[in-house]
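A.B. asks: Mind folding the following:
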Amino acid sequence: MPLKIEDIKAKGYERVIHATNETTKLDCIIVIHNTKLGPALGGVRSWEYSSFEDQKRDALRLSEAMTLKNSICGINFGGGKAALNLKNVKKTPELYQSYGELVEFLKGKYLTAGDVNTFKEDLVECSKATKYVYGINVETSGPTSRGLFHAIKSTNDFINNSNDLKNVHISISGVGKVGGKLAILLAKAGAKITAASINYELIKKLKNEIDLVEVKPEDLFKTNCDIISPCALGGAINRSNQHQLKCKAIAGAANNQLENTTIAEWLLKNEIVYSPDYLVNSGGVIAIACEINNTENLLEKYLEKIADRLKPVLQDSKKNNESTDLVARRMAWKRINS
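C.D. replies: Numbering: from 1, shown residues only. Next up is the predicted model:
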């Protein structure tokens, strides 16, 4: 059975489509937010969404974040995202082949890659139906963690006047592929690590590699520390826990860490430095861009530049008494519109 594709109107977005296929059980929304810098580049998130509205909301917000991320990290791609609903659906090769057909339908306006719960084997199936899929042979968690490591050093330099991480206390929420690698990098640099995860086996494995203090996930954001690093899902800093924060700064890998932009203003008012997630977690998409442009030999140089791009954001925020989110967004849009 062919794809059933419906266009959805959304102000401020170039194109939003919802596609279904009764045979393969595909239920996917692809959002192309902005393509002024180039084709929209962003991964496909495979998730059990409770409703169509939740699925659409996630895709819209994530696609805008990709526009900001791709701009501020200096690559020539626009922002896009796909949200594939796995509620009551099993992953099958046919499902991702069907998703590939949807990507192909957009004729290169949207370039797809992996994201939460979308793995190499899924992308391989997708590639059977489209040439616009990337990241099959690129391991992105390593570049993401290394780029974030450089950003955390820059953040620490801003709050503690030193990029030496020895004895700096960093609390990590989520120790999966990115958070786990980050914890190891930080521990090797001499940082003191507190960590939390809903997956006990991941914490147990990490404890065999580095020294860390384990806390319950609900207690992580109460930790009295230098930097909190949210490395799980979005919305980690929200109205229910913002008043519990005892850190000097926030710098993590999760997308959309702040529940909304008013949290960024609250952090500014309460003198907690927020290093914008869409900048500091951009290592993965930089690695994908290097694959597309055949510039893999320059990857580590580009990852180090994340710290250089973060410095003026933090400095301008302090100088102008504006949230770092506002400053970073302005910088991203300036590049897009120049």
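A.B. asks: average model confidence for the strand or helix carrying Ile32?
C.D. replies: Ile32 is part of strand 26-34, with elements assigned from DSSP states H and E. Model confidence over strand 26-34, given as mean pLDDT, is 98.
A.B. asks: residue boundaries of the strands in the stretch 101-250 of the chain?
C.D. replies: When secondary structure is read from DSSP state E, counting those that start in this stretch, the stretch 101-250 of the chain shows strands at 110-111, 169-173, 192-196, 213-214, 227-230, 249-250.
A.B. asks: Show me what the fifth one is in contact with.
C.D. replies: Applying C-beta atoms under 8 Å, 6 or more residues apart in numbering, the set of residues contacting strand 227-230 from outside is 148, 152, 155-156, 159, 168-174, 179, 182, 220-221, 236-237, 245, 247-254, 257, 277. All C-beta atoms are positioned from the backbone trio N, CA, C, and that covers glycine.
A.B. asks: how about the helices in the stretch 101-250 of the chain?
C.D. replies: Per DSSP state H, counting those that start in this stretch, the stretch 101-250 of the chain carries helices over the ranges 120-127, 141-160, 177-188, 200-207.
A.B. asks: Make CSV from those helices and add mean neighbour count and mean pLDDT to it.
C.D. replies: Formatted as CSV, the entries for the helices of the stretch 101-250 of the chain read as follows, by neighbours: other C-beta atoms under 10 Å; pLDDT from 0 to 100:
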stretch, mean neighbour count, mean pLDDT
helix 120-127, 19, 97
helix 141-160, 23, 97
helix 177-188, 22, 97
helix 200-207, 14, 94
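A.B. asks: For Phe77, which of those helices is the nearest?
C.D. replies: Within these, the stretch nearest Phe77 is helix 141-160; the backing value is 15.6 Å (C-beta to C-beta).
A.B. asks: Quick one: distance of the closest one to the chain centre.
C.D. replies: Counting by C-alpha atoms, centre = their mean, to the nearest Å, helix 141-160 is centred 14 Å from the centre of its parent chain.
A.B. asks: Going forward, count from 602.
C.D. replies: Noted, 602 is the first residue going forward, which turns the last one into helix 742-761.
A.B. asks: Okay, angle between that helix and strand 770-774 too, please.
C.D. replies: With axes from the mean of the first three to the mean of the last three C-alpha atoms, to 10 degrees defining the directions, helix 742-761 sits at 140 degrees from strand 770-774.
A.B. asks: Next, the angle from helix 742-761 to helix 778-789.
C.D. replies: Taking the same axes, to 10 degrees, one finds helix 742-761 and helix 778-789 inclined to each other by 50 degrees.
A.B. asks: picking up where we left off before, make JSON lines from the strands of the stretch 702-851 of the chain and add distance to Val690 and mean pLDDT to it.
C.D. replies: As requested, those are arranged in JSON lines below (distance: least, C-beta to C-beta, whole Å; pLDDT from 0 to 100):
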{"stretch": "strand 711-712", "distance to Val690": "22", "mean pLDDT": "98"}
{"stretch": "strand 770-774", "distance to Val690": "28", "mean pLDDT": "98"}
{"stretch": "strand 793-797", "distance to Val690": "30", "mean pLDDT": "97"}
{"stretch": "strand 814-815", "distance to Val690": "34", "mean pLDDT": "96"}
{"stretch": "strand 828-831", "distance to Val690": "28", "mean pLDDT": "98"}
{"stretch": "strand 850-851", "distance to Val690": "35", "mean pLDDT": "98"}
